[in-house]
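S.K.: quick one, what's the 3D model for this:
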Amino acid sequence: MASVQEAVLSPDNAPEVGVRVTSTLLLYFERCYGSERLAGIWSKYDFSLSLQYLRVPTNFISLRFLERLADALVKESGDPSFMRNAGVFMATPQALGFVYYMLRAFGTPEMGYRKSIDFAPSYNRVGRFEIESVARDRLVMAYRSQVPEHNRHICELRMGQFASFPTIWGLPPAEVHESQCQVNGADSCRYHLKWMEPLPSWGRYMGLVLGVVSGMGASLLGLGHRGFTVTALALAGVSLGSWLDLRREMRRKDEALNEQAKGMMGSLEELQQRYDEIFRTNLQLEDRVTVRTRELIDTNARLETALAKQKELDRIKSEFFDNVSHELRTPLTLILLTLDSLIQRTSELSPAVLQHLDTMNRSASRLLRLINNLLDLAQMEAGKTRLRYEPLEMHGFLSSLMVPFRVMAERKGVALQLEGTAVSSVHVDVPRLESVFQNLVSNALKFTTQGGVTIRVSEDDTWVHVEVRDTGSGIATQDIPVIFDRFAQADSSGTRRFGGSGIGLALVKETLELHAGGIDVSSELGKGSSFHVRLPKGTAHVREDLRAATEGEERLRPIRRSDLTSLLSTSAPVASGAVEVLPESAEAEASPDAPRVLLVEDEPEIRAFLRGVLRPYYRLLEATNGEEGLKLARDERPDLIISDVMMPVMSGIQMLEALRSIPETLEVPIILLTARQEVDAKVEGLSMGANDYLAKPFSPREMLARIEAQLRLRDAAVRAAENERLAATGLLTSGFAHEVRNPLNGLMNALAPLRESLTHGTPDPAMAVAMLDLIEECGGRIRHLAEGLLSFVRTGTKAMAVDLGSSLDASLEALSWRLPPDMKVERDYRCPDPVWSDPGSLNQVWVNLLDNAVRAVSKEGQVKVSTVREGGDAVVSIIDNGVGIKREHMERLFQPFFSTRDAGEGTGLGLALCQRIVLQQGGRIRVFSEFGKGTRVEVRLPLNVDPDRVLPPLLSESRPRPPHWST
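M.R.: Residues are numbered from 1 along each chain as shown. Sure, this is the predicted structure:
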């Protein structure tokens, strides 16, 4: 262990590995990639040792430095085999120098391996080699390092160096295999080497000896000069011996090639056999694939049929739940409304009757809770659940949630405690989370007869935890895995003491999973249970596919019986402020000046009950379906309409759509009354133009309060529209005052000379006549201006032909006093056809639009007014080159009380009123604008209109207030 620590802490020039090892790496890299790139690597990696240091053979480096150098060279070369190839490069004259030629002349591969191992301690001081076995052309060696290596780069370098030795003699590299490695956890690295031995070159030497001996013998026999014969025969012997050596080498190579060829032929035969087997297997597979494909096609067809049936069953099931909810809630609504009405009359009923009523009320409340739970589960199963995420602090939330449960705990004589402090907020759907903890706390109290229930709130870095622990009867071990299943009971025997539908905990679990949370339970029979709820912190779990489509969904959530009970029991003030109890007499009638309410309901019992609730305060009109309601609404024009949704002949949604397409009923408030509580259904109704949505069962006082709120909102809108009309009239009267000032001054100035000419001692008839002419002219001008103003603001109920050019000119003339002298107003009238409309209302539209255009441009700006006919419409365009409208404001232009002007410079009702007038006259209005470049307002009015039709009044008269309304 000490040696390892020393190696880790040793400097880069520690005497561990000789630079002879690195010389091969550097030479090979320079040969392949150049010396400049090698120098660039040195500057890039900022090595502590220089290149010059590594070129001195007697220097040493640490093993860690060698590993860093190897990592850098492998990374920069991009060659995963770089270390092996660099090791093979060691057996070159550049790397070995004179040793290369000595080994080639006098050595063998085995000698090279042995000498390399013998000299290893001189260049490697952190490990040692050991030869385990050696044969003629085989060798097994082991290497053990005192310092563990971090990767296999050094192993690859060693194997390349071992493989390079036979290449000194022109032989192929040795085969090197590593059977185990220290890097992989072995005690040593073990290498298996196999090489080809070089053939001995005795032929040339024997030929030399024989040639010399033959030459000397020939010279002794007198066959020639000694020097010549010896030299010639020696060369001939060397040549012959070299030929014999070469011949043996060629035979050896032929044998090796033949062996390779035989091996290749064997491999080819084996490959052919494998190919034949694969071919046969492929045919079998193709046959099996064909069979399986047919089976899959048949299975897919059956699955598609089953899926279609399942979809149809799901559709039928959804329709069944809708119908069942309507059919169950309709009688349940009647029961609950009747009970609410009777319970409020406590002074008239005996205690026994009140007790029976209370029992009935609790049973009906339990039935409503079961229906709501079933519908919630059905929505989750159908994937229709939508969540309205908002931050919630759990400790404060549970504190308020426990208030009604404390009464139940005191009645049972058990303790109910909340432990913990405020924690981080979680993003959840509050109404659904309220249902989760209502289920958990009510279950804990239900099964606890002594001891208490403790709710503990805590948090960690990821979750907010809530634990509901009780000391009740507990849950058997075999029942714990199924308690969160739908319709499962922890005690399924016929003698169980506590009732339940078995869907409460299933609803809890699925609701928490929708919030990316979870719930766990631990329990011991007879000692109590603990439910552990966890909710994720932050917003990473928020799913956009589950987010509610509208921000107003909170008020559209299903109304629970607890909401109604709270509303009725706490005597909370309602919107009207005076309707506190239902009428005591069903024969009470509303006053003659009370608002008229149209009630559209197909169920006779519900209609009769609502009649009794509404009759004391409103004049009622009744219809039994949407078609009758539509006819009554068009003929009678009630102040408000209350309609059921699901009705025969014509549904409430269809009636609503028809009413919103008729100018006469465009502004009538409509409250939809239904047993369907799905958010999609409510959003559909509100998007079609409903003003409010009331879900069955409901509180009568809540319904009266909502009616009151809608009628007050209508009154407020009427007053606001009247104020806007008065503002436009004030604009015109200001212009009238400006224009009438000059003729009025002339008239007053002419009266004094006229008086003098008539009362003077010598009357002057000529002066009197001249002054009378001037007075008549000024009076005529004043009368002309007054009639123009009166006709401009007068409204009527009969449509008349209105020339658009004259109407626009009159509006421009009325606003002429507002126009700067340098402002240009261009007129281009190309629609000679008149439109049938109310001229006063139409003039108000032009005044509002032209006033907006004048305010938007500068003193030298330009306003263009044009008319043109397009098909059956007359198109009026008012264009200015003013400041324009920002993109984010475009969608809100026609919203009441929205204005782009500074505070105090406008009411924000002008464009809303213009849109209302144009829509009532069957047209439409659009605004096109680019910020900084101007605005174009386009008004389309129909030309082909029945001239005898009666126009609806723009502003209905303010309704009289019934006596019970507070002011």
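
S.K.: what separates stretch 423-436 from the chain centre, distance-wise?
M.R.: Offset of stretch 423-436 from its chain centre (CA atoms, centre = their mean, to the nearest Å): 20 Å.

S.K.: contacts for it?
M.R.: The contact list for stretch 423-436 (CB atoms under 8 Å, 6 or more residues apart in numbering) reads 376, 387-395, 397, 401, 457-459, 464, 507-508, 511-512, 514-515, 533, 535-539, 541-542, 554, 557-558. The way it works is simple: take the backbone N, C-alpha and C, and place the C-beta from them, glycine included.

S.K.: now, these that are in strands?
M.R.: Per DSSP state E, strands hold the following members of those: E390, P391, L392, V457, S458, E459, V464, V533, L535, P536.

S.K.: okay, now the third one: neighbour count?
M.R.: Counted by other CB atoms under 10 Å, the residues lying close to L392 total 17.

S.K.: distance of it relative to H427?
M.R.: Relative to H427, L392 is positioned 8 Å away (CB to CB, to the nearest Å).

S.K.: mind checking the pLDDT average for the lengthiest helix in the chain?
M.R.: For the chain, the longest helix by residue count, based on DSSP state H, is helix 226-343. Looking at helix 226-343 alone, the average pLDDT works out to 80.

S.K.: and it, what does it pack onto?
M.R.: Counting contacts by 3 or more CB pairs under 8 Å, 6 or more residues apart in numbering; DSSP states H and E, the secondary-structure elements packed against helix 226-343 are helix 202-220, helix 351-382, helix 561-569, helix 604-614, helix 700-759.

S.K.: got the angle between it and helix 202-220?
M.R.: 170 degrees (axes from the mean of the first three to the mean of the last three CA atoms, to 10 degrees).

S.K.: give the contact list for L66.
M.R.: If you count contacts by CB under 8 Å, 6+ apart, L66 has them with V17, V21, T22, I154.

S.K.: closest to T167 among these?
M.R.: V21 (18.5 Å; CB to CB).

S.K.: gap between the residue of the chain most remote from its centre and T229?
M.R.: For the chain, the C-alpha farthest from the mean C-alpha position belongs to G222; by CA atoms, centre = their mean, that distance is 113.6 Å. In this view, G222 and T229 are 10 Å apart by CB to CB.

S.K.: likewise I480?
M.R.: Taking CB to CB, one finds I480 at 113 Å from T229.

S.K.: more crowded one of the two?
M.R.: A direct count of neighbours by other CB under 10 Å for I480 and T229 places T229 higher, at 21 against 16.

S.K.: how close does that one get to Q94?
M.R.: Look at T229 and Q94: by CB to CB, they are 44 Å apart.

S.K.: got any residues that touch both of L392 and H427?
M.R.: Overlap of the contact sets of L392 and H427 (by CB under 8 Å, 6+ apart) is empty.

S.K.: tell me which residues of stretch 136-143 come out buried.
M.R.: Along stretch 136-143, these residues count as buried under the neighbour rule (16 or more other CB atoms under 10 Å): L139, V140, M141, A142, Y143.

S.K.: I meant stretch 67-83, not that one.
M.R.: Taking 16+ other CB under 10 Å as the neighbour-count basis, stretch 67-83 is seen to contain the buried residues E67, R68, L69, A70, A72, L73, V74, E76, S77, F82, M83.

S.K.: with stretch 355-373 instead?
M.R.: Residues of stretch 355-373 classed as buried: L357, M360, N361, A364, S365, L367, L368, R369, I371, N372, N373 (neighbour count, 16+ other CB under 10 Å).

S.K.: what two of those residues are the furthest from one another?
M.R.: L357 and N373 (24.8 Å).

S.K.: on that earlier part again, wait, a strand at the residue farthest from the centre of the chain?
M.R.: No: for G222, which was evaluated using DSSP: H, G, I helix; E, B strand; the rest coil, the result is coil, with no strand membership.

S.K.: tell me how far it lies from V212.
M.R.: With distances defined as CB to CB, the gap from G222 to V212 amounts to 18 Å.

S.K.: list the contacts of the closest residue to T462 other than its chain neighbours.
M.R.: Across the structure, with CB to CB, 6 or more residues apart in numbering as the measure, the residue nearest T462 apart from its sequence neighbours is K537 (6.2 Å). Taking CB under 8 Å, 6+ apart as the definition of contact, the neighbours of K537 are S424, V426, E459, D461, T462, W463, V464.

S.K.: got the phi/psi numbers for the fifth one?
M.R.: T462 has phi and psi values of phi -120, psi -30 when expressed as degrees, to the nearest 10.

S.K.: check contacts around the nearest residue to A120 once chain neighbours are set aside.
M.R.: Ranked by CB to CB, 6+ apart and with sequence neighbours excluded, the top spatial neighbour of A120 is F129, at 5.2 Å. With contact set as CB under 8 Å, 6+ apart, F129 has these partners: I117, A120, M141, A142, Y143.

S.K.: would you single out the least confident of the helices and strands packed on helix 226-343?
M.R.: helix 561-569 (a mean of 35).

S.K.: so how far is stretch 474-488 from its chain's centroid?
M.R.: Relative to the centre of its chain, stretch 474-488 is centred 36 Å away, using CA atoms, centre = their mean.

S.K.: do the same with stretch 919-928
M.R.: In this view, stretch 919-928 has its centroid 36 Å away from the chain centroid, taken as CA atoms, centre = their mean.

S.K.: ends of that stretch, what's the gap?
M.R.: Distance between the two ends of stretch 919-928: 18 Å, counting by CA to CA, to the nearest Å.
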